[in-house]
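**Student:** need a structure here:
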Amino acid sequence: MTFKNISAALTAVAILAGAASATAAPFANERPDLNATAGVAEKTEVTAGTIYRGKELQRRDVDAGREIAVTVIPSSGKIDRSSRGDS
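**Tutor:** Numbering: from 1, shown residues only. The predicted structure follows:
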C-alpha cells in the first residue's frame with residue numbers, strides 16, 4: 001500500500017466514524033429525566049374571573065363571569081432547581 005492509499009483509507013474511516021456519532025446524537029440526552037411520566041392533558045371550562053384579573057380581562061375583551069375553555073396539564077410537582085438558578 002502506498003501512502004496515498006493509507007491516507008485515503010484513514011480519511012474514509014474518520015468520516016464514517018463521524019457520521020455514526022452524529023446519527024446517535026439525537027438520542028443522547030445531556031441530563032435525562034429518569035422519573036418523567038407522560039400525563040394526559042385535560043380540557044375543562046372555568047369562569048374567566050378565576051384565572052384573569054383587571055387588565056388581563058380587558059386585554060382579552062372577556063367578562064369575568066364568562067366561561068372559557070382551558071387545558072389542565074398534569075405536573076409531577078418536582079421543580080428543576082438548576083434551571084431556575086437556585087442552588
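**Student:** and the helices in the chain?
**Tutor:** Secondary structure of the chain by DSSP state H: the helices cover 3-24, 54-60, 81-84.
**Student:** in a markdown table: these, plus mean neighbour count and distance to Pro74.
**Tutor:** C-beta here means a position set from N, CA and C on the backbone, and glycine is covered the same way. Shown next, in a markdown table, are the helices of the chain (neighbours: other C-beta atoms under 10 Å; distance: least, C-beta to C-beta, whole Å):
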| stretch | mean neighbour count | distance to Pro74 |
| --- | --- | --- |
| helix 3-24 | 10 | 31 |
| helix 54-60 | 11 | 24 |
| helix 81-84 | 8 | 19 |
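**Student:** worst average pLDDT in those helices?
**Tutor:** Least confidently modelled of the helices of the chain is helix 81-84, at a mean of 61 by mean pLDDT.
**Student:** can you get me a residue count around Glu45?
**Tutor:** Using other C-beta atoms under 10 Å, Glu45 has 9 other residues around it.
**Student:** any idea what Glu42 is bridged to?
**Tutor:** Val72 (DSSP bridges).
**Student:** neighbours of it, how many?
**Tutor:** With other C-beta under 10 Å as criterion, Glu42 counts 10.
**Student:** that one and Val72 touch, don't they?
**Tutor:** Yes - counting by C-beta atoms under 8 Å, Glu42 touches Val72, with 4.6 Å between them.
**Student:** that older thread, turn the helices of the chain into TSV, including distance to Thr47.
**Tutor:** TSV is the format used below for the helices of the chain (distance: least, C-beta to C-beta, whole Å):
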stretch	distance to Thr47
helix 3-24	50
helix 54-60	11
helix 81-84	31
